[in-house]
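*Asks:* Structure for this input, please:
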Amino acid sequence: MSDTIFGKIISGEIPADKIYEDEHCIAINDVNPQAPVHVLVIPKRAIPKLSEATGDDQALLGHLLLVVKKLAAQLGVAEGFRVIINNGKGGGQTVFHLHLHIIGGFKMGEGMV
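*Replies:* Here you go, the predicted model:
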């Protein structure tokens with residue numbers, strides 16, 4: 001398990017309001033939302049960043065995208081949302097445990113780039 005904040009949330013060391021959980025991942029609301037809907041989908045297996053994923057991670061990565069689809073529908077943003085993965089410091093990644101941002105709840109072109 002990762003010693004990042006996400007690893008500690010997954011292990012239960014840090015409490016979090018999980019809005020989704022299965023055997024492969026959890027989803028939580030972002031504590032610093034950048035949009036009306038801003039959810040993080042976090043794999044339970046720690047992959048530091050997308051560029052370090054391997055062929056062994058293929059099924060997990062696909063699963064994460066299907067969870068994004070399910071959550072977007074549940075959150076009422078299925079008709080318009082973004083999925084963002086920051087990779088590395090230069091890509092804006094601040095927690096080195098792969099995670100996907102679901103951003104929505106506004107019309108694209110308004111409120112965010």
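*Asks:* Distance from the chain centre to the longest helix along the chain, please.
*Replies:* Longest helix in the chain, counting residues (DSSP state H): helix 58-74. Taking C-alpha atoms, centre = their mean, to the nearest Å, one finds the center of helix 58-74 at 10 Å from the center of the full chain.
*Asks:* With stretch 94-107 instead?
*Replies:* With C-alpha atoms, centre = their mean, you get 5 Å for stretch 94-107.
*Asks:* Now do it, average pLDDT.
*Replies:* Stretch 94-107 carries an average pLDDT of 95.
*Asks:* Could you do stretch 83-91 as well?
*Replies:* Rounded mean pLDDT across stretch 83-91 is 98.
*Asks:* how about it: buried residues?
*Replies:* residue 86 (16 or more other C-beta atoms under 10 Å). Placement of C-beta: from N, CA and C, glycine included.
*Asks:* and it, C-alpha only, in PDB?
*Replies:* The C-alpha trace of stretch 83-91 is given here as PDB (Å, rounded to 0.1, in the frame of the first residue of the first chain):
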ATOM      1  CA  VAL A  83     -11.600  12.900 -17.100                       C
ATOM      2  CA  ILE A  84      -8.200  14.200 -16.100                       C
ATOM      3  CA  ILE A  85      -5.000  12.300 -15.200                       C
ATOM      4  CA  ASN A  86      -2.100  14.500 -14.100                       C
ATOM      5  CA  ASN A  87       1.200  12.700 -14.700                       C
ATOM      6  CA  GLY A  88       4.400  13.900 -12.900                       C
ATOM      7  CA  LYS A  89       5.200  17.200 -11.400                       C
ATOM      8  CA  GLY A  90       5.400  18.800 -14.800                       C
ATOM      9  CA  GLY A  91       1.800  17.600 -15.500                       C
END
